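[1] just need the structure, nothing else, for what follows:
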Amino acid sequence: MKYFNKKNGFSLLELLIVILIIIGLATISAVAVNSQRAKARDAKRISDIRQIQTALEFYKSDEGDYLLVADPIILGKEQVKLCGKAEGGFVSASKECKEASTYMTAIPTDPLNGKDYFYSGTAETYDLQFTTERQSILGVAGTYFAHPNSTDLTPSL
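    Below you'll find the model as predicted:
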């Protein structure tokens, strides 16, 4: 009676090919996920800026002017609330605002560490500066300036 030597398992070449395919798929997935994360951060930035713009419009309608700031201030770190003129406008967390003059109880911060939102303004206009990572509904990736009625790549001040 003849016995055949049957091979059990996979050859080394087959295992290497499967491992290379898995590594390739993992790399493609990681790139796609990082791209989507950047888009999500940009969407949050745009939403945050629109919320701040809305609060500033309420501020102007009640106070008569926008906040006067000569040098740009960082929003969301030291200045975490938006109160009326009597309380000082953008104020720190330790400052108490009267409920009737609180326009924003928590100013949002940029979703990526190391990046910030900046505010500068005069009585007639303001600039909210922020930076996007990827192309968005605003356009190409870059530093944008939000003004009372628009958002674009050029500051108004």
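
[2] what confidence value was assigned to the nearest residue to Ala146 once chain neighbours are set aside?
    Once flanking residues are discounted, Ala146 sits nearest to Leu128: 4.0 Å by C-beta to C-beta, 6 or more residues apart in numbering. In short, each C-beta sits where N, CA and C put it, glycine included. Listed pLDDT for Leu128 reads 95.

[3] where does the most centrally placed residue in the chain fall, secondary structure wise?
    Nearest to the mean C-alpha position of the chain, by C-alpha atoms, centre = their mean, lies Arg45 at 3.0 Å. Using DSSP states H and E, Arg45 sits within helix 12-63.

[4] C-alpha coordinates for the next helix or strand after that helix, CSV please?
    As assigned by DSSP H and E, the chain's next helix or strand after helix 12-63 is strand 69-75. What follows is strand 69-75, C-alpha atoms only, in CSV (Å, rounded to 0.1, in the frame of the first residue of the first chain):
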residue,chain,number,x,y,z
VAL,A,69,-9.9,94.8,21.6
ALA,A,70,-6.7,96.4,20.4
ASP,A,71,-4.5,93.3,20.5
PRO,A,72,-5.9,89.9,19.5
ILE,A,73,-6.9,87.7,22.5
ILE,A,74,-7.0,83.9,22.7
LEU,A,75,-10.5,82.6,23.1
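
[5] what helices or strands is strand 69-75 leaning on?
    Taking 3 or more C-beta pairs under 8 Å, 6 or more residues apart in numbering; DSSP states H and E as contact, the helices and strands that strand 69-75 lies on are strand 90-91, strand 117-121, strand 126-131.

[6] show me where pLDDT drops low in the chain?
    For the chain, applying pLDDT under 70 flags the ranges 1-7.

[7] buried residues in stretch 22-42?
    Using 16 or more other C-beta atoms under 10 Å as the burial criterion, the residues of stretch 22-42 that qualify are 38, 41-42.

[8] actually stretch 57-69, not the one I typed
    Quick answer for stretch 57-69 (16+ other C-beta under 10 Å): 59-60, 63, 66-67, 69.

[9] contacts for it?
    Residues outside stretch 57-69 that contact it (C-beta atoms under 8 Å, 6 or more residues apart in numbering): 56, 82, 84-85, 89-90, 101, 103, 119-126, 148.

[10] and stretch 106-124, by the same measure?
    41, 44-45, 48-49, 51-52, 65-77, 79-82, 90, 126-131, 133, 157.
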